[in-house]
Each structure stands twice: as C-alpha cells, then as structure tokens.
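In: Generate a structure from the sequence data that follows.
(2 chains)
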Protein chains: 2
Amino acid sequence: MSSNNVVGFDEARRVAIFGGTHGNEMSGVTLVNLWLMNSGEIQRRGVETKAFITNPKAVEKCSRYVDTDLNRAFTTENLSCPSGKDLPYEVQRAQEINTMFGPKGSPEAYDVIFDLHNTTSNMGCTLILESSKDHFNLQLMNYVKKAIAPASCPVLLNEDPCLKYATVRSVAKHPVGLEVGPQPQGVLRSNIFEAMRIILKHALDFIELFNEGVEFPPCTVDVFKVSERMDYPRDDNGNIVAMVHPNLQDCDWEPLTPGDPMFQTFDGKTLPYEGVGSVYPTFINEAAYYEKQQAFVTTRRETLAANAIRKV
Amino acid sequence: MSSNNVVGFDEARRVAIFGGTHGNEMSGVTLVNLWLMNSGEIQRRGVETKAFITNPKAVEKCSRYVDTDLNRAFTTENLSCPSGKDLPYEVQRAQEINTMFGPKGSPEAYDVIFDLHNTTSNMGCTLILESSKDHFNLQLMNYVKKAIAPASCPVLLNEDPCLKYATVRSVAKHPVGLEVGPQPQGVLRSNIFEAMRIILKHALDFIELFNEGVEFPPCTVDVFKVSERMDYPRDDNGNIVAMVHPNLQDCDWEPLTPGDPMFQTFDGKTLPYEGVGSVYPTFINEAAYYEKQQAFVTTRRETLAANAIRKV
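Out: Below is the predicted model:
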C-alpha cells in the first residue's frame, strides 16, 4: 500500500449527517431539521444519506447536553455496559446511536458520518480528522479544500490517544467532524449557516464521484495536529485569574511564538507564551471548554500524504 | 421645574453594582466577583458602593436562570406575594433583593443600581434608561458618553409600559442597565471586560462629583427609544423559517429603512423591512431572546432635555 499505489475502498453507500450532538449549536440543528423535512439537497446518486438529530433532549433545552457530553460518550465501556434507564441520558443515547449507525468498529457500521458543530472561536470552517491513516477522509478533505478555495478550510487532526475523545461520529468507518465559527451558543447566523451548508454540498459531491468510480490521485493535505491543551491561569482555589490576551483572541490558526502575549490578568499583566517553537492555537476561548479547563489547544503543522483511492 | 431650573436630588450615597443577574453573562459576573474580593476600584469619597451577585445559582450553573428570568421578576405581584420555598427560585431571590436594596419605590431604596449585562448582539457599550424623566440618570449618562468619547455609548430608553419589564435594577431610585457586546454566553472576552470596567469607572466618578456638590448644567441626551419587538418569521407550527439577513446582522444602531433586507429564509429568499419610516434596530440576534420570540427590537431616535441638577 505504498503512496504510488491505489487503495481500494468499498463504496460509501451509507452516509449520515448528524446535528444537535450539542443541543445549542444551531447551524447543525437547523440544517438537519431542514433536511429531515426535505432531503433533496443531501441526496446523491448511489448514496443513501440520512439526516439525524443525535441529542434531541439537549436540542429541546437548547443546552450542550442533559447529563454528560454526548461527544465524549462513545467509549468501549459505555457502549458495552448493560443498558438501562438509570444510565445518564447521553450514555443511553450513545448505545442507541451505536446500534443504529454502528456497531463502532464493525463491518456493519455506516461508511461516513458528518457531525455538525459550531464554536464560539474564530475558527472559520474546520474539518476534523481522527486518523492520519484514513486515506478516504484525506481525499475527501483535499477535495473540499480545493472546491471552496480561495476560501479557507483548515483540517484539524486529533489522533493522539491522550488528547482525542470518543466522538459520536467515531461510530462510522470514516468519521468527519465539521466545526464552524464564530457563532454564540443558541444563535443562528446566516453566514455560518451558509458556510456549513456549502462544505456539506462538496463533501457529498465527493462521495458521489467516488461511488461512480472516479479515481482520486495521490495528494498531500496540510493539517494542524493537536499538540497540547492550555488551561486558563488559576489561583490556588482554582479560580480563573486571566483572560485570553486581546492579541491572541480571534487569532485561531495564526502562529504563536515564544514571548507572544497569551493571557491578560484581571489587573492588566500580560502573560507570554513560553513553550518551545511556534504553535498554531485554535478553539481559542470556546465557551464549552471552560468546564473542561481549556482556554485553547495548540497545534503544529504537518503535511500528510494521501494515497490514490478508488472504489473496489 | 423648568429646564432652566436646577433640580435637587439627595446625595447618592448608597450605590450597588449587580452582576450575574443572568448567570452566563461573564463580564459582570467576573467584575463583581473581583470587586467582592477587593473593592478599592469601586470606592469613591462619600459613596458606599456594594458589589453583589444577584443570581448565584444561575452563575454556578453558567445558565441564564434556574426557574425564570430574574430580570423580569420584579413585578408588584412577585414582590408582594407570600414568600415560601415553593416559589420559583428567582421569585424568592427577587424578594430577598427587594428587602436588601429596596423596597422598590420606597424612600429606603438604594440610590443607584448598576446592573451589568452582556449580549451576543453587536451593541457595543449601551446604557439602558428606564425613564425619560429621570434627570439624575440623564446627567449620569451624558457624563459617561462625554467621558468615553470618541468611543460610542448609545443610550437605550425603554419606558413604554407595554415593552418595559420588571428589572432587578428597578428596585433603585435610579436604575442603570449596562449592556456590552458582542460576547457569547459563557465566554469572557478581554475587550468587552475592559469596556464595561471603564463605563463603571466614569459612572462612579460622576456620582462622587455629584455628592461633592458639583452642579451639572442643563444638557441634551440622544437616546434610542424602544419602539417595537420583531419576531423571526415562522411557519404554521411556530418553527422559525428565516435568519437575520446578513445585511442586518451586526448592524445594531444603524438605520433600517423600508425595503431594506431584514430576514433571509432558509431557501434563500430575502424578506425586506416593511414598516413606516427608518428605525434603528438593536439586540439583533441576541441568543437569549429566541425564547422570547424576538429577533431584534426597533428603536427611534429622540433627543431628551435634562435639567441642571445638584445635590440638596
């Protein structure tokens, strides 16, 4: 399976688009609800695309989750424990979703799942990749990046076992996260809505072409690989004592170099970045990550090689 | 009490600064918590300034409220009903706050209450005035506007009995709302934090000068008077079918003229504004107002005359 050889994949016949994994991220909730009423826009020849609200109770409450974060719930432990009404709602829901779209890791699992998210960070349109070895997804992301150019669509690679988490989309053979921002929780902005819609259009076009037998030649994909989680500065009681520095706020994907301002304390002091070498922060000041003790993640740039692919 | 005469007011000796009326509006929560630990910044000669978290349970949950909106709870009915554990949490809290800082409408009430809010709308720093006859507040707002110029600080007047609501700050003789945005719920942005802090500084300076006997000459204050609440377009089932149009999004305080784009339907149609004459929309696409069926409010510009004031 060298990079000069063509890798064969089965047709991607079963595709799902998930919205409402976090019930207050309104672009995905709204798009999926629209497509549940009228699925014309997401249908392609040779593909069965299913739109699906993953966390309907959280959507109803317009909150991120009810009991626990659904997008961290797809662990082997949760998926294999005896089901029952006493489990947290999102664990019950994870088991149901795994039955419908999985089982995770099995040949019966859905081919592709797109999971639609919003962020309060200034990340633009971001595709999230869970494995640098997934040549199907690398080709899909390369296709989308080229289709929307000159608009930008960074790829965030999160495959470090210590940093990645058990996502809803991980049920699929090819999990694709889509994160679009900035958009406040509970708000629907037309620019973010349209940006997400266009990414989905191109991604589905790619799957249709693949299923029709188009061979995609080898390519390279520039990615931002998650490197480290950065917490806010805190006092001895765990209270946050500084904010993201104005020079860093909204500067997702831009280089942060040792000595650059990183935080600003409430009494006006600047705390610089003191790591090694330049990093590229993202998820800067994401609302949902305060409870996860995370001010932003640092990433490092890499170029991944994707093999040629075609259907077998 | 003609506009050429000087109106006398008692010294404004008792002043409160409220944060956390909505538990996910982080600038006020953070500033008030800072000032509870160290109140030096908000102390002025001849003024007793008390920082206070109004809805601690909502702050703990980082949600707008627990049972009901505290900033709509200060009705005569709520404040006079028999207290008890079976009342909604925020009604109990309203009664406690009314006892501590009121009673509302009585001579014992606090002189000035500043209530600190954030909005997801692009409103900048906005002062909210509850009565066009409150010459003390008109002078305070005129002072703040001049102090921060050339930065802008619009005054929103909400005194129409059908549109105004029973705010927490209405307990005071001179209630001042401060609304700063854009900031997502649950997020603390340094620029918004600093903007709010500066407004408070100038407002407290004004009170100190007033208490020292400075006479403030007659002036005029340009205000935006709340005129109408606009809902999102909906289908027969009450579901939203359109978003704020990109030409209107983020354009708080800019004129909206009949024929101008107002909403964009999910299938791409533009719905224009069809009212009479130009209006100035604000609270455009505020997250918390989806549940109140409000996409924005329209305002009309007025110039109010403030009498000269000095302490009696």
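
In: and the gap between the nearest residue to A:Thr126 once chain neighbours are set aside and A:Phe224?
Out: With sequence-adjacent residues excluded and distances taken as CB to CB, 6 or more residues apart in numbering or on different chains, A:Thr126 is closest to A:Glu179, at 4.4 Å. For every residue, glycine as well, the C-beta is placed using N, CA and C. Noted for A:Glu179: a distance of 12 Å to A:Phe224, by CB to CB, to the nearest Å.

In: Then A:Lys311?
Out: Counting by CB to CB - A:Lys311 and A:Phe224 are separated by 29 Å.

In: again with A:Val312
Out: 31 Å.

In: swap in A:Pro217?
Out: Distance of A:Pro217 to A:Phe224, given as CB to CB: 24 Å.

In: More neighbours: which of the two?
Out: Taking other CB atoms under 10 Å in any protein chain shown, A:Pro217 and A:Phe224 do not tie; A:Phe224 has more neighbours (24 against 12).

In: part of a strand, is that one?
Out: Yes: A:Phe224: assigned to a strand according to DSSP: H, G, I helix; E, B strand; the rest coil.

In: Surely it and A:Thr298 touch.
Out: No: using CB atoms under 8 Å, A:Phe224 is not in contact with A:Thr298, being 9.4 Å away.

In: mind checking how far A:Leu127 is from chain B?
Out: Applying CB to the nearest CB, to the nearest Å, one obtains 22 Å for the distance of A:Leu127 from chain B.

In: Isn't the residue nearest to A:Thr126 up against A:Asn158?
Out: No: the pair A:Glu179 / A:Asn158 is not scored as a contact, 10.8 Å apart, by CB under 8 Å.

In: The two: who's more crowded?
Out: A:Glu179 (24 against 19).

In: in the stretch 1-150 of chain A, which spans are strands?
Out: For the stretch 1-150 of chain A, the strands defined by DSSP state E, counting those that start in this stretch cover A:6-9, A:14-19, A:48-53, A:112-118, A:124-129.

In: Tell me the neighbouring strands of the shortest one, and mark each as parallel or antiparallel.
Out: Applying DSSP bridges to the sheet, strand A:6-9 is found paired with strand A:308-311 (parallel).

In: Average pLDDT for the strand it pairs with, rounded please.
Out: Mean pLDDT, computed over strand A:308-311, is 97.

In: Off-centre distance for that strand?
Out: Averaging C-alpha positions (CA atoms, centre = their mean, to the nearest Å) puts strand A:308-311 24 Å from its chain's average.

In: Identify each buried residue in it, please.
Out: Buried residues in strand A:308-311, counted by 16 or more other CB atoms under 10 Å in any protein chain shown: A:Ala308, A:Ile309.

In: what do you get for stretch A:229-238?
Out: A:Arg229, A:Met230, A:Tyr232, A:Pro233.

In: out of these, who's nearest chain B?
Out: Closest approach to chain B among the buried residues of stretch A:229-238 (CB to the nearest CB): A:Tyr232, at 9.1 Å.

In: Secondary structure element for the residue nearest the centre of chain A, which one?
Out: Chain A has A:Gly177 as the residue nearest its centroid, 2.9 Å off, counting by CA atoms, centre = their mean. Using DSSP states H and E, A:Gly177 falls within strand A:174-181.

In: and that strand with strand A:124-129, angle?
Out: Put simply, strand A:174-181 runs at 160 degrees to strand A:124-129, going by axes from the mean of the first three to the mean of the last three CA atoms, to 10 degrees.

In: neighbouring contacts of strand A:174-181?
Out: A:12, A:27-28, A:111-130, A:134, A:136-137, A:140-141, A:156, A:167, A:169, A:192, A:195-196, A:199-200, A:203 (CB atoms under 8 Å, 6 or more residues apart in numbering or on different chains).

In: Good, wrapping up.
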